[in-house]
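**Q** how would this look folded up:
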Amino acid sequence: MTTQAYPVKEIAKNTYEIDEFDCASIFLLVGEEKALVIDTGSGIGDLKGAISKITKKPLILVLTHGHGDHVGGLGWFDEYYMNSDDLGKYTWMEGLESRKHYAKIIADREGKKYDYDIDKDILPWPVGSNPKHLNLEDGQKFDLGGRVVTAFHCPGHTPGSMVFLDTQSRILFSGDSCNCNMLLGSKPDDPTFTSIERALKALKRIYDMGEEYDRNFNQHHDFRPFGEPLEENVLPNIIRCCEDLVRGNYVEELMPGLFPGMPERTVVRSGSVFVTYVKEGIKEPKLI
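**A** Just a heads-up that it's a prediction; the model follows:
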């Protein structure tokens with residue numbers, strides 16, 4: 001039996017942050033009839049078993065985007081909602097060795113001893129696993145029974161990135177669309193490309209919804225304490241960085257690659273936020 005020893009915190013009534021050993025956060029929102037699972041992490045351990053200790057209600061799985069540290073546990077679910085703009089673009093990240101490699105990088109970086117074993121707790125997806133994809137659309141609502149959660153498209157980190165607004169807890173679950181370490185460095189010829197200009201428009205839209213939420217939880221807690229939201233200035237600072245890039249009024253900095261062995265990257269900063277970019281990916285390509 002694989003580990004179920006994830007740290008868990010109740011961040012609001014019937015609302016839980018599940019820590020996948022610093023690799024990613026998974027959120028569980030429990031309604032009167034159903035429960036919503038936001039992301040599956042890298043696929044370490046028995047996530048469904050851990051969730052069953054909190055609730056036995058039927059689960060709806062939604063994915064913020066298609067990266068491997070958010071879909072790695074997908075193989076243990078029957079179906080999932082994900083925006084089709086990310087479908088099939090990151091499948092290499094779902095592989096067993098990729099998931100093990102990522103978990104080892106995080107463990108080495110954090111220098112902690114975690115309650116899991118890479119070889120025993122990061123396993124191939126079950127034989128015959130073929131979770132059914134259901135498209136996740138902008139404005140789509142999930143009625144959990146006395147609790148409705150709405151999905152909004154927020155392209156940037158990936159073309160199909162989504163955020164989720166829960167009006168009951170007044171929490172925005174922003175995936176990787178709102179990280180202090182904001183990765184927006186794709187190029188126009190890349191199938192995963194989203195321009196800074198387009199990302200800025202989406203981020204402003206989410207910011208303008210601010211009267212509907214009091215707290216913003218992203219899907220990694222390396223820039224916030226576990227169980228605590230992002231600081232309120234994070235989203236405005238990301239927007240400021242993107243605005244400076246679009247206007248051409250910015251100071252370029254070089255930073256080491258995100259992980260060991262990766263090349264240096266160019267960033268702009270505002271407060272605690274730094275946004276990775278490439279110059280050719282700033283403006284939206286013009287149609288001829």
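**Q** where in the stretch 151-288 of the chain is pLDDT low?
**A** 287-288 (pLDDT under 70).
**Q** Please, where are all the strands along it?
**A** Taking DSSP state E, counting those that start in this stretch as the criterion, the stretch 151-288 of the chain carries its strands at 162-166, 171-173, 181-183, 215-217, 253-255, 265-270, 273-277.
**Q** quick check: angle from the last one to strand 265-270?
**A** It refers to strand 273-277. 140 degrees (axes from the mean of the first three to the mean of the last three Cα atoms, to 10 degrees).
**Q** Strand 273-277 pairs with which strands, parallel or anti?
**A** Strand pairing for strand 273-277, determined by DSSP bridges: strand 181-183 (parallel), strand 265-270 (antiparallel).
**Q** quick revisit: any chance of TSV for the strands of the stretch 151-288 of the chain, columns distance to residue 133 and mean neighbour count?
**A** Where you see a C-beta, it was placed from the backbone N, CA and C, and this is true even at glycine. What follows is the strands of the stretch 151-288 of the chain, written out as TSV (distance: least, Cβ to Cβ, whole Å; neighbours: other Cβ atoms under 10 Å):
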stretch	distance to residue 133	mean neighbour count
strand 162-166	14	25
strand 171-173	20	26
strand 181-183	24	20
strand 215-217	25	21
strand 253-255	35	11
strand 265-270	31	18
strand 273-277	29	23
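**Q** want to try CSV for those, with distance to residue 233 as columns?
**A** Converted to CSV, those look like this (distance: least, Cβ to Cβ, whole Å):
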stretch, distance to residue 233
strand 162-166, 18
strand 171-173, 15
strand 181-183, 13
strand 215-217, 11
strand 253-255, 19
strand 265-270, 9
strand 273-277, 8
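**Q** for those strands, which one sits closest to residue 99?
**A** Set against residue 99 and scored by Cβ to Cβ, the strands of the stretch 151-288 of the chain come closest in strand 181-183, at 18.8 Å.
**Q** Give me the contact list for the helix or strand hosting residue 37.
**A** Assigned by DSSP states H and E, residue 37 belongs to strand 35-38. For strand 35-38, contacts defined as Cβ atoms under 8 Å, 6 or more residues apart in numbering pick out 26-29, 51, 55, 57-64, 142, 144, 149, 164, 173, 175, 219.
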